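Asks: Here is my input; please provide its structure:
(2 chains)
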Amino acid sequence: MNCNDVSKGLVAYLDRRANSADRQEIERHLTTCADCRTRAEQFRALWGVMDEMPVIEPSFGFDVRMRQRVAAEPARKWFEWIVPQPRLALSAALLAVVAVWMVKTSPVNTHFEATTASAQQEDFNAIKNLDVLENYDVVTTMDALSELAPVATPDNGMKIQDTHNATAE
Amino acid sequence: MLDVKAGDDSSFNSLLQKYRSPLVNFLYRMVRDTATAEDLAQEVFLRVYRARKQYTPSAKFTTWLFRIATNLALNSVRDGRYQKLSISLDAAPDGEDSVPLELPARELRIDQKMIERDRTELIRKAVWALPEKQRAAVLLHKYEEMDYAEIAKVLECSESALKSLLFRAYETLRVQLAPLVGESIAREAGEGRAS
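Replies: From the prediction side, this is the model:
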């Protein structure tokens, strides 16, 4: 250990906070280096001198003024319990945004939409093939249609207007 | 502090009683003015009170307290509001008119005139003459007796950087206060011989 190394560990050594390895190294160096030994001695003396620095006491009115300032502090707002910490509120908001974004872009949702479209198509096919709609007699015997003017045809003489046929189909 | 967090105001008064004196002394040694030190100490306590609900015991309370105090003190000094109080070692101590403090060279013997001077003023002014961060490190180490890890957290530096900071600060003080240091060593040597 040289003088530079010792200077780095000198305060901790004098403070009795150096680890045992450093302490032994420093002590070995101090036995051979007069300059470092003098510095160590002067540091110790300096700390003794610095103890002479007087301690001041706070003024008599310190506590009273402090209590007045604390008492003048505004009471907590009613909504502060909801957002106890700004960082927590920000985290919650970010979490909500991320959750919405994930739901929007989730493949489960696409599958759901595809499933819905498929089901609608099946329903449509089922409705389209219902017997009741294919039963022409039901349509032709409807009271409302009977008021319409009959159309003559070559095979059976009567036919409902094309528009109603289209509706039935 | 956890009781204060829970809303116990009497615990805040206990904190006030326990820490007001160390805090005012630390701040006084940082900003060099009693009234300013008291104002800053009140501001520190007020910030502690305001932040009581967010307090988490992840660090020692004193680390938190002195971190607030150090930041306020450094801001206050850097604001320049107290520059009128800036001190040089050549300036006369408070209450003395125009007699400059003449520090004898280290190798010179301390004369009687030097001994008669106010030793505490010499020490105070030597500490005040340190750069801000070195001053804070010395005050926390020497007078608040904090360990290195705690001081490093307060000053937001590594422990090795702190040790270098302390060494440089004490080296400066050793030179600036050489007459007092020499006197102290001589007195100890005399006492040793006498015993």
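
Asks: Show me how the chain divides into domains.
Replies: This is for chain A. As assigned by automatic domain parsing, chain A contains the domains A:3-50, A:122-168.

Asks: wait, chain B
Replies: Under the assignment automatic domain parsing, the domains of chain B span B:1-81, B:103-195.

Asks: for the record, mean pLDDT for the shortest one?
Replies: In this model, domain B:1-81 has a mean pLDDT of 84.

Asks: re earlier: any idea which of the domains of chain A scores lowest on pLDDT?
Replies: Mean pLDDT values for the domains of chain A show the minimum at domain A:122-168, a mean of 60.

Asks: mind listing the strands for chain B?
Replies: Along chain B, no segments are classed as strands by DSSP state E.

Asks: and the longest helix for chain B?
Replies: For chain B, the helix with the greatest residue count under DSSP state H is helix B:9-31.

Asks: How about it and chain A, touching?
Replies: Yes - counting by CB under 8 Å from any CB of the partner chain, chain A has neighbours in helix B:9-31: B:D9, B:F12, B:N13, B:L16, B:Q17, B:R20, B:S21, B:V24, B:N25, B:Y28, B:R29. C-beta coordinates here come from the backbone N, C-alpha and C atoms, glycine included.

Asks: Which of the residues you listed sits closest to A:L30?
Replies: Distances from A:L30 to these, taken as CB to CB, are shortest for B:R29 (30.8 Å).

Asks: Surely the closest one is in contact with B:A136?
Replies: No - assessed by CB atoms under 8 Å, B:R29 is found out of contact with B:A136, at 9.2 Å.

Asks: quick one, which of those two is more surrounded?
Replies: B:A136 (26 against 21; other CB atoms under 10 Å in any protein chain shown).

Asks: Which single residue of chain B approaches chain A most closely?
Replies: B:S184 (4.2 Å; CB to the nearest CB).

Asks: Tell me, how many residues neighbour that residue?
Replies: By the criterion of other CB under 10 Å, B:S184 has 19 neighbours.

Asks: Now it: closest residue in space, sequence neighbours ignored.
Replies: Closest residue to B:S184 apart from its sequence neighbours, by CB to CB, 6 or more residues apart in numbering or on different chains: A:A45 at 4.2 Å.

Asks: was I right about the one you found contacting B:R187?
Replies: No - using CB under 8 Å, A:A45 is not in contact with B:R187; the gap is 9.2 Å.

Asks: Please say which of the two ends up with more neighbours.
Replies: Neighbours were counted for A:A45 and for B:R187 using other CB under 10 Å; A:A45 has more, 21 against 12.

Asks: contacting residues around the more buried one?
Replies: B:V181, B:S184, B:I185, B:E188 (CB atoms under 8 Å, 6 or more residues apart in numbering or on different chains).

Asks: host element of the closest residue to chain B within chain A?
Replies: With CB to the nearest CB, the shortest gap between chain A and chain B falls at A:A45, namely 4.2 Å. A:A45 belongs to helix A:34-50 when assigned by DSSP states H and E.

Asks: quick one: buried residues of that helix?
Replies: The neighbour-count check on helix A:34-50 (16 or more other CB atoms under 10 Å in any protein chain shown) flags A:C36, A:R39, A:A40, A:Q42, A:F43, A:A45, A:L46, A:W47, A:V49, A:M50 as buried.

Asks: and what of stretch B:130-145?
Replies: Quick answer for stretch B:130-145 (16+ other CB under 10 Å): B:130, B:133-144.

Asks: any chance of the residues you listed in TSV, with pLDDT too?
Replies: Putting these into TSV (pLDDT from 0 to 100) gives the following:
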residue	pLDDT
B:L130	94
B:K133	93
B:Q134	95
B:R135	95
B:A136	95
B:A137	96
B:V138	96
B:L139	95
B:L140	95
B:H141	95
B:K142	93
B:Y143	92
B:E144	91
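
Asks: Keep those, but drop any that are not near chain A.
Replies: Contacts with chain A within these, as defined by CB under 8 Å from any CB: B:H141, B:K142, B:Y143.

Asks: Which parts of chain B are helices?
Replies: Here chain B has its helices, by DSSP H, at B:2-5, B:9-31, B:34-50, B:61-79, B:112-116, B:119-128, B:132-138, B:148-155, B:159-176, B:178-194.

Asks: out of these, nearest to A:D123?
Replies: Nearest of the helices of chain B to A:D123, taken as CB to CB: helix B:2-5 at 61.7 Å.

Asks: quick one: the spatially most central residue of chain B from A:V49, how far?
Replies: Nearest to the geometric centre of chain B sits B:L139, at 3.4 Å (CA atoms, centre = their mean). B:L139 sits 15 Å away from A:V49 when distances are taken as CB to CB, to the nearest Å.

Asks: In TSV: the domains of chain B, plus distance to A:A99.
Replies: Below are those laid out as TSV (distance: least, CB to CB, whole Å):
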stretch	distance to A:A99
domain B:1-81	26
domain B:103-195	37
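
Asks: coming back round to it: quick one, what contacts the residue nearest to the centre of chain B?
Replies: Taking CB under 8 Å, 6+ apart as the test, what B:L139 contacts is B:F26, B:R29, B:M30, B:V127.

Asks: Run a quick neighbour tally on the third one.
Replies: What it means is B:M30. B:M30, neighbours per other CB under 10 Å, totals 24.

Asks: Might one say that it is in contact with B:A136?
Replies: Yes - B:M30 lies in contact with B:A136 (CB under 8 Å); the separation is 6.5 Å.

Asks: Show me whatever sits in contact with both of those two.
Replies: Taking CB under 8 Å, 6+ apart as the contact rule, the neighbours common to B:M30 and B:A136 are B:T70, B:A73, B:L74.
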